[in-house]
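Colleague: A predicted structure for the sequence below; I have some questions about it.
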Amino acid sequence: MTEQSPSGLLCTRKVTKRFGGLTAVKDLTLEVPRGTLYGLIGPNGAGKTTVFNLLTGVYQPTAGEIHFDGRRVDGRPPYEIANRGIGRTFQNIRLFADMTVLENVMTAQHLRTGQWLVDAVVGSARHHREEREERERAIELLRIFKLDAVADEPATSLPYGSQRRLEIARALATTPKLLLLDEPAAGMNPLEARELMDLIQSIRNRFALTIVLVEHNMKVVMGICETVQVIDHGESIAIGTPVDVQRNAQVIEAYLGVG
Amino acid sequence: MGLVRKLAIVAATVGGLFAFNQAFEFGVGDFQINPYYARIINLVGINITLAVSLNLINGLAGQFSIGHAGFMAVGGYAATYLTVFHGEALARLVGGTVMSGAGSVVVMVLSLTVGALSAAVAGLAVGIPSLRLKGDYLAIVTLGFSEIIRVVILNIPAVGGATGFTAALPITNFFWIFGVALLTITIVRNITNSTFGRALGAVRCDEIAAEAMGVNTTRHKVQAFVISAGLAGMAGGLSGQLFANPLSPQNLNFVKSIEVIVMIVVGGIGSITGAVLGATTLTILPEALRTVDQQFPGLRMVLYALLLILFMIFRPQGLLGRKELTDLFRR
């Protein structure tokens, strides 16, 4: 299996997802090379979020294969895929509402910590040391996102833009190889979007990440993505550099309709 | 915290409990505690264990289980069975009797361990198939399982069937009851403040996000369920072997489960301190209202219900919400 899988970090082969009579994603093949910033765009309802849900195991594909880091991951449960190294954010922010900012990040570190339940139950010295280390790591991560000052605030008390950044920080706390960002700039003003672009660039370099981005804000997509793939009605219609894609007649038609 | 300090705390706690226990049983000087009050205090201790353990699954993990009485029954009957049928032999091994000295300590420890383990196994058996369900579905399934457990016990003559396990030996005392209550509080608190506890919190807040962050939600729920059931089993073992308080199937029906749920709801669901307060309040309140009953027979439970309704209208988040006593000491 390993020798057959293509060179990219993430590859799908003819992935299809049907919900009853509706085909949300059809024969989608994508190949995301290691270290790239990959944009996935398309009109509303094109199936972008469904693709993310397929990649992260929330949905199982009706047909096709998904390979990540040399192994097949379709059919695996979401927590296992997270374990293999795919982190994600959600289009409609899904922070842990009852928790503080810090706890949100610490919770996501869960799968990388070797903490034993027994240690926690008896409150061993090792447990206390591990807790301290995790707290420090979480605060360090929050510092990168300029959220360390609000670490003890309830996560949902943050302004919208900060909640989006916290979601990215939380996803990073799982130490992913691949980060899936579902409309990270949604609801942001141009200045915030600009800062977000810089942030995405910098975390990619700092954590040696591969990033796939679903986004409607074309300034963001065209500004930072190296490769852009366009899907419409669940099918891939174009792929290339931002400039190529912008000139593609089929893409213009999908977005604006036939004149 | 160093090991030495921890052992010192444990030793001091055991010593303190033992001293209280002696005062309880033999009085201090001329003062002897009213047996009726002593009994209520003991029941408070048992209910604290029940409420705090249920809080792990209902409060922390946010899974609505109404089968706690079932686990209390499994643990209680298993523990009592061990004492009644093998207690004498076990006590003889250390050269004592079931009712006193080293023999009673050995028997009590073993019977509570067996109670906890059998309830934990029952928790595993119930948890694996049912924790894939959510909300009301989970509630109904746990209710069903606890009723099954009750009906099975009802049909085992060796443990007294419908009459209850009246052969039980009264080896439970203040020391064991509050020892187990403190143990339960410590375990649940330590779990809450660990990565495991945070993972359970994530399950409560948002299962999809929790899975995306690598939390195996089903496994965590089952683990929490098993621990919670095991602790309830110990409470059962204590309750069944308390003087003149035999286990009986009709006292372990779903009304008992609801009683425990009411305790954690009144205390503030998710808060350990709240569970302790809720258990204390709701054990004492119906007894305190007995004075009313002497003048107006039957009014007691009406008042009790009315107080609960008023409480839920004016303080729906419970006494403490999600807050803990320890929050006061943080900066």
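Modeller: Nice, I can see it.
Colleague: around A:Arg18, how many other residues sit close by?
Modeller: 14 (other Cβ atoms under 10 Å in any protein chain shown). All C-beta spots, glycine's among them, are computed from the backbone N, C-alpha and C.
Colleague: apart from its chain neighbours, what residue comes closest to it?
Modeller: With Cβ to Cβ, 6 or more residues apart in numbering or on different chains as the criterion, A:Arg18 has its nearest non-adjacent residue at 4.7 Å, and that residue is A:Thr62.
Colleague: test my guess that the one you found contacts A:Leu22.
Modeller: No: with contact defined as Cβ atoms under 8 Å, A:Thr62 does not count as touching A:Leu22 (11.1 Å).
Colleague: and the residue nearest to A:Arg18, how many neighbours does it have?
Modeller: A:Thr62 has 15 neighbours, counted by other Cβ under 10 Å.
Colleague: quick check: end-to-end length of stretch A:27-39?
Modeller: According to Cα to Cα, to the nearest Å, stretch A:27-39 extends 18 Å from its N-terminal end residue to its C-terminal end residue.
Colleague: that one: how far from the chain's middle?
Modeller: Relative to the chain's own centre, stretch A:27-39 is displaced by 13 Å; criterion: Cα atoms, centre = their mean, to the nearest Å.
Colleague: distance from the chain centre to the helix or strand containing B:Phe175, please.
Modeller: With the criterion set as DSSP states H and E, the secondary-structure element containing B:Phe175 is helix B:174-192. For helix B:174-192, the distance from its own C-alpha centre to the chain's C-alpha centre is 10 Å (Cα atoms, centre = their mean).
Colleague: what's that helix packed up against?
Modeller: The elements that helix B:174-192 packs onto, with contact taken as 3 or more Cβ pairs under 8 Å, 6 or more residues apart in numbering or on different chains; DSSP states H and E, are helix A:117-122, helix B:3-26, helix B:35-54, helix B:101-130, helix B:217-240, helix B:272-288.
Colleague: for that helix, buried residues please.
Modeller: Residues B:174-182, B:184-192 are the ones in helix B:174-192 that count as buried (16 or more other Cβ atoms under 10 Å in any protein chain shown).
Colleague: which bits of chain B sit near chain A?
Modeller: Taking Cβ under 8 Å from any Cβ of the partner chain, the part of chain B that reaches chain A is made up of B:1-3, B:6, B:186-187, B:190-191, B:193-199, B:201-202, B:204-206, B:208-217, B:223, B:322.
Colleague: leaving out chain neighbours, which residue sits closest to A:Val15?
Modeller: What sits nearest to A:Val15 in space, not counting adjacent residues and going by Cβ to Cβ, 6+ apart, is A:Gly64, at 3.5 Å.
Colleague: test my guess that B:Val222 contacts B:Leu131.
Modeller: Yes: applying Cβ under 8 Å as the test, B:Val222 and B:Leu131 come out as touching, 5.5 Å apart.
Colleague: overlap in contacts of these two?
Modeller: Common neighbours of B:Val222 and B:Leu131, using Cβ atoms under 8 Å, 6 or more residues apart in numbering or on different chains, do not exist here.
Colleague: in the chain, which residue is closest to the centre?
Modeller: No chain was given, so I picked chain A. Note on chain A: the residue nearest the mean C-alpha position is A:Leu180, at 1.6 Å, using Cα atoms, centre = their mean.
Colleague: the chain in question should be chain B.
Modeller: Residue closest to the mean C-alpha point of chain B, counted by Cα atoms, centre = their mean, is B:Leu50 at 1.8 Å.
Colleague: tell me who's in contact with that residue.
Modeller: Residues in contact with B:Leu50, defined by Cβ under 8 Å, 6+ apart, are B:68, B:72, B:232, B:235, B:260, B:263, B:279.
Colleague: do B:Leu231 as well
Modeller: By Cβ under 8 Å, 6+ apart, the contact list for B:Leu231 reads B:49, B:52-53, B:56, B:116, B:184, B:187-188.
Colleague: phi, psi for the residue nearest to A:Arg18 please.
Modeller: Main-chain torsions, A:Thr62, degrees, to the nearest 10: phi -70, psi -40.
Colleague: same check on B:Ala168?
Modeller: Backbone torsions of B:Ala168, given as degrees, to the nearest 10, read phi -60, psi 140.
Colleague: surely it and B:Leu238 touch.
Modeller: No: the pair B:Ala168 and B:Leu238 does not pass the contact test of Cβ under 8 Å, sitting 11.2 Å apart.
Colleague: of those two, which one has the most company?
Modeller: B:Leu238 (32 against 26).
Colleague: give me the distance between the more buried one and chain A.
Modeller: Counting by Cβ to the nearest Cβ, to the nearest Å, the gap from B:Leu238 to chain A is 20 Å.
Colleague: quick one: secondary structure of the nearest residue to that residue once chain neighbours are set aside?
Modeller: Distances taken as Cβ to Cβ, 6+ apart put B:Thr172 closest to B:Leu238, at 4.9 Å, once the chain neighbours are dropped. Here B:Thr172 is recorded as coil under DSSP: H, G, I helix; E, B strand; the rest coil.
Colleague: which residue ranges make up the domains of chain B?
Modeller: By the assignment in automatic domain parsing, chain B contains the domains B:1-33, B:36-254.
Colleague: which parts of the stretch 51-200 of chain A are helices?
Modeller: Secondary structure of the stretch 51-200 of chain A, counting by DSSP state H, counting those that start in this stretch: helices at A:78-84, A:101-108, A:117-122, A:125-144, A:160-172, A:190-207.
Colleague: A:Thr16 and A:Gly64 touch, don't they?
Modeller: Yes: in terms of Cβ under 8 Å, A:Thr16 counts as a neighbour of A:Gly64; the distance is 5.5 Å.
Colleague: find residues that contact each of these two.
Modeller: Taking Cβ under 8 Å, 6+ apart as the contact rule, the neighbours common to A:Thr16 and A:Gly64 are A:27-28.
Colleague: what stretches of the stretch 201-331 of chain B score poorly on pLDDT?
Modeller: B:330-331 (pLDDT under 70).
Colleague: and the residue of it that's closest to chain A?
Modeller: Here the residue of the stretch 201-331 of chain B nearest chain A is B:Gly214; by Cβ to the nearest Cβ that distance is 3.2 Å.
Colleague: now B:Thr192. Nearest residue, chain neighbours left out?
Modeller: The shortest distance from B:Thr192 to any residue that is not its chain neighbour, by Cβ to Cβ, 6+ apart, is 6.0 Å, and that residue is B:Leu60.
Colleague: quick revisit: closest to chain A out of the contacts of B:Leu231?
Modeller: B:Ile187 (5.4 Å).
Colleague: contacting residues around the nearest residue to the closest one once chain neighbours are set aside?
Modeller: Counting by Cβ to Cβ, 6+ apart, the nearest residue to B:Ile187 once its immediate chain neighbours are dropped is A:Val121, at 5.4 Å. Applying Cβ under 8 Å, 6+ apart, we find A:Val121 in contact with B:187, B:190-191.
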